[in-house]
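Asks: sequence and predicted structure are below.
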Amino acid sequence: MYVTQPKHPLAYRDFRIFWVTRFCAVLAQNAMVIVIGWQAYDSARTHYGMNVKEASFQLGLIGLAQFLPLLLLTPITGWVADHVSRRLVACSALGLDLVNALALGWLSQHGAITLPVLFAVAALHGVVRAFIGPSLSALAANIVPKSILPRAIAINSIAWQTGSIAGPAISGFLYAAGAPLPYWVAAIMFAVAIIGLMVMKPISQTAQSSAAHPLRQMAEGFSYVRRHRVLLGCISLDLFAVLFGGATALIPAYARDILHVGASGFGLMRAAPGAGAALTALFLSARPISSDVGNKMLIAVGVYGLVTVIFGISHLLWLSLVMLFILGVADMVSVYIRGSLVQLHTPDQMRGRVSAISGLFISASNELGEAESGLLAAVIGPMIAVVGGGIAAIGLTLLWSRVFPELPAARSFAAPQFDNEPVPQT
């Protein structure tokens, strides 16, 4: 008897569990990272006698401590996600962050937080991100059929965006009530995420038949992306567009010294891109994009650059908020299309390695983009840096449409049919 497969990702039990797991993990990680940054700055000013510039430099070092493990471990973590149970890898990584949260909670409780401890935990968190990114990204494609994967990516993005918005806000209130509280709550959320992964049904993934040396298999991920120009084009476009057009890194300067809206205005501005992205993800989960996907991604990145320019010259809070909201909308459309193309154009036995490379590019654009924006603003001023970055993002979009003609030619998410793809269970 023929059984029709459900058409909505939430009809699959394991996807519902996966969604809750992703939300809890992202919320906990964002809550913890925000407090680590605050404690690093506060400790540098209070206990180490650093001035504002020196203390601010510690924040950059915290970001670098998180990025370097990701940079160094990406080839390994992608290979691990393709050869070891992705659920086991994700559980182990979340377990390490659970230990991090408990350790920082205990140290905060006893007033024993120091900069070396925070740098060490930041580096360990970078290790967690290096492993959990490719494992969870590749795992999502094993839970639902490929035909509804784009919709699943949109719904999954709601978990990520909501957790990204709620985590910093919740941690701020909790920290005000007591320094250890954000870490205790993060530990609980990590535990919930681990339990969620453990109660999911066994998830099959394509067996690895290659007898090649592990180092050669790691290199295969980079070779695969380099050979498949649709993947190379969309991943590299996101890297350079966000690297040069990262206006969000300079929001503090705009809130304090350009718009003069203080801490309350800063909070609104910081939440606006996430709100736009979350609402867009919700819309895409109900009305997924299915046609002319390449051009729509290029348009989204171009809009991202345009609203960055308008934000850069704005002296009105309401206009700045609108531009940041639209920036989040455009970024979510780009993320949605890029994520769908990466997952659907990659065979299951390669998804871990390709997802790791995509994650490295995304992290490079975010963390290094913040460093680039800050350095450039120190030289030419924040307004020129933001406007110049937006113009660069528009120029890169036009350039990429010529250098990678495969992108505007991508009319749908249709991808090659790969053998031995695991069949998701309802």
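Replies: Sure, I can see it.

Asks: in the lengthiest helix in the chain, which residues are buried?
Replies: Identified as the longest helix of the chain according to DSSP state H is helix 13-46. The neighbour-count check on helix 13-46 (16 or more other C-beta atoms under 10 Å) flags 14-19, 21-41, 43-45 as buried. Glycine gets a C-beta too; all of them are placed from N, C-alpha and C.

Asks: and the helix or strand containing Leu268, how far from the chain's centre?
Replies: Leu268 belongs to helix 262-286 when assigned by DSSP states H and E. Its chain's C-alpha centre lies 15 Å from the corresponding centre of helix 262-286 when counted by C-alpha atoms, centre = their mean, to the nearest Å.

Asks: same question for stretch 22-31.
Replies: 11 Å.

Asks: tell me which residues are up against it.
Replies: Residues from elsewhere that reach stretch 22-31 (C-beta atoms under 8 Å, 6 or more residues apart in numbering): 94, 97, 101, 125, 128-129, 132, 136, 156, 159-160, 162-164, 166-168, 170-171, 174, 182, 185-187, 189-190, 192-193, 196.

Asks: so for the helix holding Leu268, mean pLDDT?
Replies: For helix 262-286, mean pLDDT rounds to 75.

Asks: on contacts alone, who are the packing partners of that helix?
Replies: The helices and strands touching helix 262-286, judged by 3 or more C-beta pairs under 8 Å, 6 or more residues apart in numbering; DSSP states H and E, are helix 149-177, helix 251-253, helix 317-344.

Asks: ok and it relative to helix 317-344, angle-wise?
Replies: In terms of direction (axes from the mean of the first three to the mean of the last three C-alpha atoms, to 10 degrees), helix 262-286 departs from helix 317-344 by 40 degrees.

Asks: got the buried residues for helix 262-286?
Replies: Within helix 262-286, the residues scored as buried using 16+ other C-beta under 10 Å are 265-266, 268-282, 284-285.

Asks: still on that earlier bit, the longest helix of the chain to helix 149-177, inter-axis angle?
Replies: Orientation check (the same axes, to 10 degrees): helix 13-46 against helix 149-177 gives 40 degrees.

Asks: now find how far off-centre helix 13-46 is within its chain.
Replies: With C-alpha atoms, centre = their mean, you get 12 Å for helix 13-46.

Asks: correct me, but Ile155 touches Tyr12?
Replies: No - in this structure, Ile155 is not within contact of Tyr12 by C-beta atoms under 8 Å, at 10.9 Å.

Asks: of the two, which one has the most company?
Replies: When Ile155 and Tyr12 are compared for neighbours, Ile155 comes out ahead with 25 against 21, by other C-beta atoms under 10 Å.

Asks: contacting residues around the nearest residue to that one once chain neighbours are set aside?
Replies: Among residues not flanking Ile155 along the chain, Ser285 sits closest, at 4.3 Å (C-beta to C-beta, 6 or more residues apart in numbering). Ser285 sits next to Arg151, Ala154, Ile155, Ile158 when contact means C-beta under 8 Å, 6+ apart.

Asks: how many neighbours does the last one have?
Replies: Burial measure for Ile158: 21 neighbouring residues, criterion other C-beta under 10 Å.

Asks: before we move on, what about the second one?
Replies: When counting by other C-beta under 10 Å, one arrives at 26 neighbours for Ala154.

Asks: ok, now how distant is it from Ala330?
Replies: Separation of Ala154 from Ala330 (C-beta to C-beta, to the nearest Å): 15 Å.

Asks: out of the contacts of stretch 22-31, which end up buried?
Replies: The neighbour count (16+ other C-beta under 10 Å) marks 94, 97, 101, 125, 128-129, 132, 136, 156, 159-160, 162-164, 166-168, 170-171, 174, 182, 185-187, 189-190, 192-193, 196 as buried among the contacts of stretch 22-31.

Asks: residues in contact with Gly328?
Replies: Ala272, Pro273, Gly274, Ala275, Gly276, Ala277, Ala278, Thr280.

Asks: nearest residue to the fifth one other than its sequence neighbours?
Replies: Read it as Gly276. Leaving aside its chain neighbours, Gly276 sits nearest to Gly328 (2.9 Å; criterion: C-beta to C-beta, 6+ apart).

Asks: could you measure from that neighbour over to Leu70?
Replies: Distance of Gly328 to Leu70, given as C-beta to C-beta: 23 Å.

Asks: on that earlier part again, just the closest of the contacts of Ser285 to Ala120, please.
Replies: Using C-beta to C-beta, Ile158 comes nearest to Ala120 of the contacts of Ser285, at 33.1 Å.
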